[in-house]
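*Asks:* Here is my input, please return the structure:
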Amino acid sequence: MQFVKSQGATVIAITDSPESPLALNADLSIIARSDMASFVDSLVAPLSVINALIVAIGMRRKEEIYNTFETLEKIWDEYQVYEKYENVDYNKKADY
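*Replies:* Model (predicted):
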């Protein structure tokens, strides 16, 4: 969180408590409680909030996001992070 804040990003914490370390260090906090009495808590509420935020931000910043992905694609190509389809040998057997 400290790194992205130092880069000028606004940090939004999604947590179940306003006293969590995330909330205390974030610029904004969204509290998404999950009061299930189970050893496996449901993540439906916080994941729904995350999905809604991604869609809303994406709709408002289409051009900026497009440019960011263009830059990332160039970096990924330069460092061969992902294999491109034109470089895939479909006749090669998997070795697993």
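
*Asks:* Please make it C-alpha for all contacts and neighbour counts, starting now.
*Replies:* Fine.

*Asks:* At which residues are the strands of this structure located?
*Replies:* 12-15, 28-31 (DSSP state E).

*Asks:* Those: which one's closest to residue 62?
*Replies:* When the strands of the chain are compared by Cα to Cα, strand 12-15 sits nearest residue 62, at 19.6 Å.

*Asks:* Which neighbours in the sheet does that closest one have, and how are they oriented?
*Replies:* Counting by DSSP bridges, the strands paired with strand 12-15 are strand 28-31 (parallel).

*Asks:* can you give me the offset of the partner strand from its chain's centre?
*Replies:* Computed by Cα atoms, centre = their mean, to the nearest Å, the chain-centroid distance of strand 28-31 equals 16 Å.

*Asks:* Just the C-alphas of that strand, formatted as CSV.
*Replies:* Taking Å, rounded to 0.1, in the frame of the first residue of the first chain, the C-alpha atoms of strand 28-31 are listed here in CSV:
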residue,chain,number,x,y,z
LEU,A,28,-11.0,5.4,1.5
SER,A,29,-12.6,2.4,3.1
ILE,A,30,-15.6,0.3,2.1
ILE,A,31,-16.9,-2.0,4.9
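
*Asks:* residues touching residue 29, list them.
*Replies:* Counting by Cα atoms under 8 Å, 6 or more residues apart in numbering, residue 29 touches 12-15, 18, 23.

*Asks:* change it to 7 Å
*Replies:* 12-14, 23 (Cα atoms under 7 Å, 6 or more residues apart in numbering).

*Asks:* pLDDT on stretch 13-32, on average?
*Replies:* Stretch 13-32 comes out with an average pLDDT of 91.

*Asks:* no wait, stretch 84-96
*Replies:* pLDDT averaged over stretch 84-96 gives 70.

*Asks:* next one: stretch 43-52
*Replies:* Average pLDDT, stretch 43-52: 85.

*Asks:* try stretch 70-77
*Replies:* The model assigns stretch 70-77 a mean pLDDT of 95.

*Asks:* Please save the CA atoms from it in PDB.
*Replies:* Taking Å, rounded to 0.1, in the frame of the first residue of the first chain, the C-alpha atoms of stretch 70-77 are listed here in PDB:
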ATOM      1  CA  GLU A  70      -1.000  -0.900 -24.600                       C
ATOM      2  CA  THR A  71       2.100  -0.100 -22.600                       C
ATOM      3  CA  LEU A  72       1.900  -3.400 -20.700                       C
ATOM      4  CA  GLU A  73       1.600  -5.300 -24.000                       C
ATOM      5  CA  LYS A  74       4.800  -3.700 -25.200                       C
ATOM      6  CA  ILE A  75       6.600  -4.600 -22.000                       C
ATOM      7  CA  TRP A  76       5.300  -8.200 -22.000                       C
ATOM      8  CA  ASP A  77       6.400  -8.600 -25.700                       C
END
